[in-house]
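**Student:** Sequence first, predicted coordinates after that:
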Amino acid sequence: MSGHGHRTVLHLRFVLPADGDTELLEGVRSLLENITPRVQIIEPDTAVLDLTGALPYWKRDARALTELIQLRALAILGLHSAAAVGPNRMLAAMAC
């Protein structure tokens, strides 16, 4: 679990179909907001989540919660993704 003052930021990049389906993007947003309300979609294919508060709620570490999110995105929406976690947005994005 993260200690006081430590953030856990997840950077996700999805492999979206070329047609740019807006309903699919709303499906991604809905799926992610069921994990944490702290979601930012960066179009066309990226999402940034603050998992800090979600980790104790889901009783998982960052890796396990990331795997859960990726599995749900694949199973429900058919989307593959790359993911990385870091203490801030910049490091998470660089790792992804």
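**Tutor:** Yep, it's here.
**Student:** Can you give me every residue that contacts the residue nearest to residue 65 when sequence neighbours are not counted?
**Tutor:** Residue nearest to residue 65 in three dimensions, not counting chain neighbours: residue 58, with 5.5 Å by Cβ to Cβ, 6 or more residues apart in numbering. For glycine as for every other residue, the C-beta is placed from the backbone atoms N, C-alpha and C. Applying Cβ atoms under 8 Å, 6 or more residues apart in numbering to residue 58 gives the contacts 35, 65, 68.
**Student:** do residue 62 as well
**Tutor:** For residue 62, the contact set (Cβ under 8 Å, 6+ apart) comprises 8, 10, 51, 55, 85.
**Student:** Please repeat the previous calculation with a cut-off of 7 Å.
**Tutor:** The contact partners of residue 62, by Cβ atoms under 7 Å, 6 or more residues apart in numbering, come to 8, 51, 55, 85.
**Student:** just checking, which of these belong to helices?
**Tutor:** Among these, the members falling in helices (DSSP state H) are residue 55.
**Student:** Grab the two from the contacts of residue 62 that are most spread out in space.
**Tutor:** Based on Cβ to Cβ, the longest span within the contacts of residue 62 runs between 55 and 85 and measures 10.2 Å.
**Student:** Show me which positions of the least confident helix or strand in the chain by mean pLDDT end up buried.
**Tutor:** One helix or strand of the chain scores below all others by mean pLDDT, DSSP states H and E: helix 22-33, with a mean of 91. Using 16 or more other Cβ atoms under 10 Å as the test for burial, helix 22-33 gives 24-25, 27-28, 31-32.
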